[in-house]
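J.: Give me the fold of what follows.
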Amino acid sequence: MVNQGGGGSVAVAQIPTSFGHELRACLRCRLVKTYDQFRESGCENCPFFQMEDDHERVVDCTTPNFTGLISVMDPTRSWAARWLRIGKFAPGCYTLAVSEALNPDLQNICEEEHVPYVPPKRV
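T.: This is a model prediction of the structure:
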């Protein structure tokens with residue numbers, strides 16, 4: 001989805017259509033959407049994971065186990081987005097923390113695409 005308001009266009013992530021147990025978070029960028037939304041359109045911040053129409057990839061790249069939720073409308077100006085290290089991602093809903101790490105194969109994809117991946121901190 002693209003926001004055409006203002007002078008330029010900004011990619012905007014889909015907002016979850018439900019806030020029940022079907023929510024999942026991307027393990028790399030922590031974007032939160034429903035399983036169906038990830039399967040239909042993938043992750044707006046991580047298109048290289050190619051989740052569209054791929055059940056296994058959605059399951060491997062996302063998790064239902066996350067903590068908290070924040071909606072960010074203007075990541076570049078939000079102190080909370082900068083603090084959570086999501087200031088360069090698309091506006092949307094994000095989790096504060098995921099409890100799982102990407103598997104090594106997906107971490108290699110991030111490395112090949114030259115995109116940072118920060119594993120979750122173990123508490």
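J.: just checking, residue 45 touches residue 27?
T.: No - contact between residue 45 and residue 27 fails when scored by C-beta atoms under 8 Å: they sit 11.5 Å apart. (Glycine included, C-beta is placed from N, CA and C.)
J.: who's more crowded, those two?
T.: residue 27 (25 against 21; other C-beta atoms under 10 Å).
J.: How much space separates that one from residue 74?
T.: Per C-beta to C-beta, to the nearest Å, residue 27 is found 24 Å from residue 74.
J.: what does stretch 95-102 contact?
T.: 25, 27-28, 30, 32, 61, 63, 65-70, 84, 107, 110, 117, 119-121 (C-beta atoms under 8 Å, 6 or more residues apart in numbering).
J.: Kindly write the ChimeraX command that selects the buried subset of those.
T.: The buried residues among these can be selected in ChimeraX (16 or more other C-beta atoms under 10 Å) with this line:
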select :25,27,28,30,32,61,63,66,70,84,110,117,120
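J.: Would you point out which residue is most central in the chain?
T.: By C-alpha atoms, centre = their mean, the mean C-alpha position of the chain lies nearest to residue 31, the distance being 2.4 Å.
J.: circling back: from the contacts of stretch 95-102, which land in helices?
T.: The helices, defined by DSSP state H, take in 61, 107, 110 from the contacts of stretch 95-102.
J.: Now for the second one: which residues touch it?
T.: The neighbours of residue 107, taking C-beta under 8 Å, 6+ apart as the test, are 101, 117.
J.: Okay, it and residue 54: tell me how far apart.
T.: Taken as C-beta to C-beta, the span from residue 107 to residue 54 is 18 Å.
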